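Colleague: quick check, what structure comes out for this input:
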Amino acid sequence: ALDDGRAREHALATLRRMRAESPEADAVPHTPGGIGGLLDDQVHTAAAALDAYESTGDAAWLEWALAIMSRVWRDYLDPEAGGLFDASRDRGGEGLLPARARPIQDAPTPSGNGTAGIVAARLHAHTGDAAWDRRAQSLAEAFAGRGAELGLHGATYLVAVDWIVNAPTRLVVVGPADNPVAAAMHARALRLPAARRVVQRIGPEPSAAAVPPEVAGMLAAAAGMPRGVLCAGTTCSTPAASEAEWAGLLERILATGDLG
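Modeller: Next up, the predicted model:
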């Protein structure tokens, strides 16, 4: 948001260390060498991995988020009432320690189930896999009856619902990794304060990302030249071919909501 390279590199270094020191490829412990099986650790790490993917275009971060969240649905899902438990089913302990709850209230950190809903919706936007859309909707439905009770503490859950009810704002930038025009367009996309924002940096290398067919067609016609496309729902802009065109498009969106 602030174009602060030092903050970006510190965040990425932290995530790289977490991933390298985790004994499992699809889960993270609460502390280095410590206990595992806690929902909050998994969903917040997956959210951070998606942020890293949007910031770098490195598909390895997207794949890590997918691996973590796939395991979350295996190990934390309540098959009867829906929603996710705060601890995995195989965690033991004495007394009340094995007891599990389904956290939906922000207290005050963003709730595990609310965050999971947002991450699932973002994964659907990035991959096109309908399974993630169904999972996001199932979380929203599992807690819909309690929404009015949550008040301020339901903010994260309501953001997750917003991702389901309203289409994302998708910003796609294509171009070689070392192209300065594409890099500048990508940086500007990351600074756009748009609701339900999805930023995709697409290079010539294959990745797990999916873009709408109409966007893919326009970008393919660019023949590898830097291009930027903004989509609000199913309506997409004409591809911007320069940083100035891209900046003008994003400024117009903020001011009027008109894709032009």
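Colleague: how about low-confidence regions in the chain?
Modeller: 92-93, 95-97, 204-209, 214, 218-219, 221-223, 258-260 (pLDDT under 70).
Colleague: strands along that one, start to end?
Modeller: Taking DSSP state E as the criterion, the chain carries its strands at 169-174, 197-202, 227-232, 235-236.
Colleague: relative orientation of the first one and strand 227-232 in degrees?
Modeller: What that stands for is strand 169-174. If you take axes from the mean of the first three to the mean of the last three Cα atoms, to 10 degrees, strand 169-174 sits at 170 degrees to strand 227-232.
Colleague: just want the angle from strand 169-174 to strand 197-202.
Modeller: Using the same axes, to 10 degrees: strand 169-174 against strand 197-202 is 10 degrees.
Colleague: do you know how far residue 240 is from residue 99?
Modeller: Per Cβ to Cβ, to the nearest Å, residue 240 is found 54 Å from residue 99. The C-beta positions use only the backbone N, C-alpha and C, and glycine is treated the same way.
Colleague: circling back: quick one: which of the strands of the chain is nearest residue 83?
Modeller: Smallest distance to residue 83 across the strands of the chain (Cβ to Cβ): 24.6 Å, for strand 197-202.
Colleague: chain center to that closest one, what's the gap?
Modeller: Chain-centre distance of strand 197-202: 10 Å, with Cα atoms, centre = their mean, to the nearest Å.
Colleague: buried set for that strand?
Modeller: Of all the residues in strand 197-202, those buried under the rule 16 or more other Cβ atoms under 10 Å are 197, 198, 199, 200, 201, 202.
Colleague: now these as CSV including distance to residue 106?
Modeller: What follows is the buried residues of strand 197-202, written out as CSV (distance: Cβ to Cβ, whole Å):
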residue, distance to residue 106
197, 21
198, 23
199, 25
200, 28
201, 31
202, 34
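Colleague: what about the helices in the stretch 101-250 of the chain?
Modeller: 112-127, 130-142, 147-150, 155-165, 180-190, 213-221, 243-256 (DSSP state H, counting those that start in this stretch).
Colleague: just put the strands of the chain in JSON lines and tack on distance to residue 88.
Modeller: Below are the strands of the chain laid out as JSON lines (distance: least, Cβ to Cβ, whole Å):
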{"stretch": "strand 169-174", "distance to residue 88": "33"}
{"stretch": "strand 197-202", "distance to residue 88": "29"}
{"stretch": "strand 227-232", "distance to residue 88": "37"}
{"stretch": "strand 235-236", "distance to residue 88": "41"}
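Colleague: now for those strands, which one comes closest to residue 36?
Modeller: strand 197-202 (29.7 Å).
Colleague: quick check: angle from that closest one to helix 112-127?
Modeller: 40 degrees.
Colleague: returning to what we had before: pick the most buried one from the helices of the stretch 101-250 of the chain.
Modeller: helix 112-127 (a mean of 26; mean count of other Cβ atoms under 10 Å).
Colleague: tell me how far that helix lies from the chain's centre.
Modeller: 6 Å.
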